[in-house]
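Chemist: fold the following.
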Amino acid sequence: GSGGVATFAGGINNNVGGAISDNTTATNGGGVNVQGGSFSMTVSFMGNNRANGASSTGGGVAIAGAGVNLSKSTLSNNTATTFGGGIKNIGISTINIIGSSLSGNLAGNGGGGIDNTGLGAMTITNSTISGNSATGPAGSGGGLRTQHAVVNLFSATVADNSAGASGGGVTQLAGASDVFLRNTIVANNTAPVAPDCSAGAGNPATSQGHNLIENTSGCSLVGDPTGNVTGQDPQLGPLADTGCPTTCYQLLPLSPALETANPAAPGSGGNATPADDQRGAVRPQGPRADIGSVEQGGTALPTLSMSATFGAPEGAFGTANIAVTLSPASTQTVTVKAASYRLSAQAPDDYMTVPDIDLTFLPTETLKHVPVTVNNDTLVESDESFVVYIYQAVNASIKPGSGHTVLTIQNDDLPALSIAEASGPSPNFPS
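Modeler: You can find the predicted model right below:
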């Protein structure tokens, strides 16, 4: 079975800033196994999951014939024995990855970050694929490996990935597969052969213009070469979450990726860049948009976060105020909605449901509270919990993995002692 969550022709929505982490399976899908149906993650974290059987795939998520949407989320440090350290896809699937980061994932054979060998299409936009590895001696596609499928890399950054044999960044295998690159950086990846991009002459990758591919050795490329930059270091800053709700690279001041993306107005369609970048900052910040997932300059959206846990004895709980923090302070008004859902605690017996409420941060304000009422009772029971979460932020982003608080109601009722009237002869007590 799956180590974390399994869905068969069903649906999973992990869209409350949640986390799927530290799970292990001996089959496929250390974090999630999606077979048919759908799966979505928004401002969430999937990390440290392991698919560690002899032939296991999909350390983070294994997908077979499903619709998958990952938005503003992080997949990191997941591990698979064979293929797809972060993501493994087979079957006819439609996968969209937007504004997200896949980093530090590891697979023994191929697709350290992503292994996509199913039919269908995968589109990766405004996202970073970094520090992933296909470690085996025949390992290929440290960042991404694909076969029998279409992969679109649009305004993405694929950097600092590695493979044991070939295609440290991207590997396109023969078999009716195609990688389309547009306004994308593929650089600083390592492998003995074709370090950045491995694509044979019989099955070349396709340029849609304005890409930066540092090392084109072993990378056959057809399509539109307009604006492509090759043989140059993109001059990326360190991978960090500075300015990004997920990890990303900032362009250094002399980067050849600066102001060299498609000159069409961002967000105008066609081969133009998106209207904003991985941080949510508006493109362009200069006369023209930048290549890659992040636009140099501009102001990233501030982030909203909550503490992971909150607990108190039942009798002392009453009304608690759960903090929501904005960092840094904004010059704009920021709004976000808050609500609750149950775990083991039941509403209204144990607590009062938090309706959909609006929190408003005026300029310079950084702290708001969600009021939560817990009902005291005299039942002797186990500790119980429920969740308060935030969603639909305006003029801010929700920090992945920090958009909810698990509240634990700690039971403080003691079992009652009673003395039953005895029957039979009266005992003789010493005088």
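
Chemist: pLDDT weak spots in the stretch 51-200 of the chain?
Modeler: For the stretch 51-200 of the chain, the stretches flagged by pLDDT under 70 are 176-177.

Chemist: need phi/psi at residue 136.
Modeler: Note on residue 136: backbone dihedrals following degrees, to the nearest 10 are phi -70, psi 160.

Chemist: for it, give its distance to residue 83.
Modeler: The gap separating residue 136 from residue 83 is 10 Å, by C-beta to C-beta, to the nearest Å. Where C-beta positions appear, they are placed from N, C-alpha and C, glycine not excepted.

Chemist: these two: which is more packed in?
Modeler: With neighbours defined as other C-beta atoms under 10 Å, residue 136 and residue 83 compare such that residue 83 has more, 31 against 16.

Chemist: so that one makes contact with residue 115?
Modeler: Yes: using C-beta atoms under 8 Å, residue 83 is in contact with residue 115, at 4.1 Å.

Chemist: shared neighbours of these two, which are they?
Modeler: Listed contacts common to residue 83 and residue 115 are 57, 107, 145; contacts here mean C-beta atoms under 8 Å, 6 or more residues apart in numbering.

Chemist: just among these, which is most surrounded?
Modeler: The most crowded member of the shared contacts of residue 83 and residue 115, judged by other C-beta under 10 Å, is residue 107 (36 neighbours).

Chemist: so what's residue 180 up against?
Modeler: The contact partners of residue 180, taken as C-beta under 8 Å, 6+ apart, are 150, 151, 152, 153, 205, 206, 208, 223.

Chemist: any residues in contact with both of residue 136 and residue 83?
Modeler: Common neighbours of residue 136 and residue 83 (C-beta under 8 Å, 6+ apart) are residue 109.

Chemist: ok, longest strand in this protein?
Modeler: strand 384-394 (DSSP state E).

Chemist: may I have the strands that pair with it, each with its orientation?
Modeler: Under the criterion DSSP bridges, strand 384-394 sits next to strand 334-342 (antiparallel), strand 404-410 (antiparallel) in its sheet.

Chemist: after that strand, which helix or strand is next?
Modeler: Using DSSP states H and E, the helix or strand that follows strand 384-394 in sequence is strand 397-398.

Chemist: isn't residue 52 up against residue 79?
Modeler: Yes: counting by C-beta under 8 Å, residue 52 touches residue 79, with 7.0 Å between them.

Chemist: any residues in contact with both of those two?
Modeler: Joint contacts of residue 52 and residue 79 (C-beta under 8 Å, 6+ apart) are residue 30.

Chemist: those two: which has the busier surroundings?
Modeler: Shown here are residue 52 and residue 79; by other C-beta under 10 Å, residue 79 has more neighbours (24 against 16).

Chemist: wait, that one touches residue 25, no?
Modeler: No: counting by C-beta under 8 Å, residue 79 stays clear of residue 25, with 11.1 Å between them.

Chemist: can I assume residue 34 sits in a strand?
Modeler: Yes: counting by DSSP: H, G, I helix; E, B strand; the rest coil, residue 34 is located in a strand.

Chemist: any idea how many residues pack against it?
Modeler: Neighbour count for residue 34, taken as other C-beta under 10 Å: 29.
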